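*Asks:* Build the 3D model from these lines:
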Amino acid sequence: LVTFDGGRPWEINPETLELITAVGTNTEWRAALPPSMANGPFPPQMSTAHPIWDEYTREIFTVNYGMVLG
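*Replies:* As a prediction, this is how the structure comes out:
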């Protein structure tokens, strides 16, 4: 996976480094800012840059977090 603090993680091919797919869909990730405050075509989504891999269940766990305004 390629991960960073400002968006969804991406699965990549480790040999060619080509993108395979984003983790989840846009509707599964909560935006960090309300639409009125987001700039650009894609809402910023906050996630941890360090997801956890469970060797036993072979699952990846990550966190999607955002701001509460008001």
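*Asks:* Excluding chain neighbours, what is closest to residue 51?
*Replies:* Excluding the flanking residues, the one nearest residue 51 by CB to CB, 6 or more residues apart in numbering is residue 62, at 3.9 Å. (Each C-beta comes from the backbone N, C-alpha and C, glycine too.)
*Asks:* what do you get for residue 33?
*Replies:* residue 44 (6.0 Å).
*Asks:* Would you confirm that the one you found contacts residue 29?
*Replies:* No. The criterion here is CB atoms under 8 Å, and residue 44 misses it with residue 29 at 10.1 Å.
*Asks:* what's the burial count for the residue nearest to residue 51?
*Replies:* By other CB atoms under 10 Å, the residues close to residue 62 number 17.
*Asks:* What of residue 66?
*Replies:* Count around residue 66 with other CB under 10 Å applied: 15.
*Asks:* Identify the residues contacting it.
*Replies:* 30, 31, 32, 33, 45, 46 (CB atoms under 8 Å, 6 or more residues apart in numbering).
*Asks:* for residue 61, same thing?
*Replies:* Here residue 61 is in contact with 51, 52, 54 (criterion: CB under 8 Å, 6+ apart).
*Asks:* how close does it sit to residue 9?
*Replies:* 11 Å (CB to CB, to the nearest Å).
*Asks:* Residue 31 now?
*Replies:* Residue 31 is 16 Å from residue 9, by CB to CB.
*Asks:* And for residue 20?
*Replies:* Residue 20 is 11 Å from residue 9, where distance means CB to CB.
*Asks:* list the buried ones in stretch 49-63?
*Replies:* residue 62 (16 or more other CB atoms under 10 Å).
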